[in-house]
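> sequence below, structure please.
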Amino acid sequence: MSGQQDFVAALLDPEQSCPPELTSWNGADPGSRFAVYRNNVISSLVNALADSFPVVLQLVGDEFFRAMAQVYVHASPPRSRILAEYGEAFPAFIESFPPADSLPYLADVARLEFLRIQAYHSADTPALNAEQIGAVLAQPERLDNMTFELHPSVALLSSAFAIVSLWAAHQGEVAIAQVDPLRAEHALILRNRLEVEVMGIRPGAALFIQALLAGQCLGEAAERALAVDPEFDLSQLLAHLIGTGVLTGYRFAP
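Got it, this is the predicted structure:
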């Protein structure tokens, strides 16, 4: 292990002592100064997680969250200088963190929050303009064989828990007392211009968008959606996708 790796390992592990090669310019004890620096680094990473996962923080409380986040920081140091990218493995960590077992939905709420971060920082891709949309709709006989390209921000999350309702409750959109956390929900995450949207969708709509993301044709995707959800409304969903600007391209299958 290199000296730099030794330094990083000691920085994130309070059980390790100060690297012996460290000195201070004024003769002060390098161990005490290193301990202060270590605390500042860990505190900054915990704060970054709190900023990225505010609903998880609210669900468990500040004390529990910070204790859990410190364990995560020690086990999973950042691999990038961009703190907004830190925490990708935090949901999986929560899922395997025994003290959080009483909140089985917590990991999926964390997954939803990290997908929102990814959506916000996703690449800018121009949406289909009105003229292009008009050209598509002017050929209804070819719609079944059409495949759409979706904006890089589009993501789906299907959960056995009420992740959309829990998230919305902590935005003041619904009363938390009305939320049954054990009800399965499907979340559609996308960036509408500069705002990231989280929308609860029906199982058919989730299957339809999943099929589009996999490159399937419109007709085949719609058939699959209707097979699992007879109330699937293709027109309504397409109108929402057009209105939010996440349709970025299309082509016709042979």
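> mind listing what's buried in stretch 231-245?
Within stretch 231-245, the residues that qualify as buried by neighbour count (16 or more other Cβ atoms under 10 Å) are 232, 234, 237-238, 240-242, 244-245. Every C-beta, even on glycine, is put in place using the N, C-alpha and C of the backbone.
> oh, I was asking about stretch 152-172
Counting neighbours by 16+ other Cβ under 10 Å, one finds that the buried residues in stretch 152-172 are 152-157, 159, 161-170.
> what does stretch 214-233 give?
For stretch 214-233, the buried set under the neighbour-count rule, 16+ other Cβ under 10 Å, comprises 216-218, 221-222, 224-225, 229, 232.
> if I look at Met146, how far off is Leu156?
In this structure, Met146 lies at 20 Å from Leu156, with Cβ to Cβ, to the nearest Å as the measure.
> about what we covered before: strands - which of the buried residues of stretch 152-172 land there?
When the buried residues of stretch 152-172 are checked against strands using DSSP state E, the ones located there are 155-157, 159.
> in CSV: those, plus distance to Pro54 and pLDDT.
Conversion of these to CSV gives the following (distance: Cβ to Cβ, whole Å; pLDDT from 0 to 100):
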residue, distance to Pro54, pLDDT
Ala155, 19, 97
Leu156, 22, 97
Leu157, 17, 97
Ser159, 18, 98
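> tell me which of those is nearest to Phe90?
Ranking those by separation from Phe90, with Cβ to Cβ as the measure, puts Leu157 on top at 14.8 Å.
> mind listing what the nearest residue to that closest one once chain neighbours are set aside touches?
Once its chain neighbours are removed from consideration, Leu157 has its nearest residue in Ala187; the separation is 4.4 Å (Cβ to Cβ, 6 or more residues apart in numbering). Each residue near Ala187 by Cβ atoms under 8 Å, 6 or more residues apart in numbering is listed here: 112, 115, 156-159, 163-164, 167, 198-201.
> still on that earlier bit, save the ones in strands among the buried residues of stretch 152-172 as a markdown table, and put in distance to Ala50 too.
Formatted as a markdown table, these follow (distance: Cβ to Cβ, whole Å):
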| residue | distance to Ala50 |
| --- | --- |
| Ala155 | 22 |
| Leu156 | 26 |
| Leu157 | 21 |
| Ser159 | 22 |
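> which residue ranges form the helices in the stretch 1-150 of the chain?
Counting by DSSP state H, counting those that start in this stretch, the stretch 1-150 of the chain has helices at residues 3-12, 30-52, 54-60, 62-75, 90-95, 106-120, 130-137.
> most packed of these?
When neighbours are counted by mean count of other Cβ atoms under 10 Å, the highest per-stretch mean among the helices of the stretch 1-150 of the chain falls to helix 106-120, a mean of 22.
> by how many degrees do that helix and strand 155-159 diverge?
Orientation of helix 106-120 against strand 155-159 (axes from the mean of the first three to the mean of the last three Cα atoms, to 10 degrees) gives an angle of 170 degrees.
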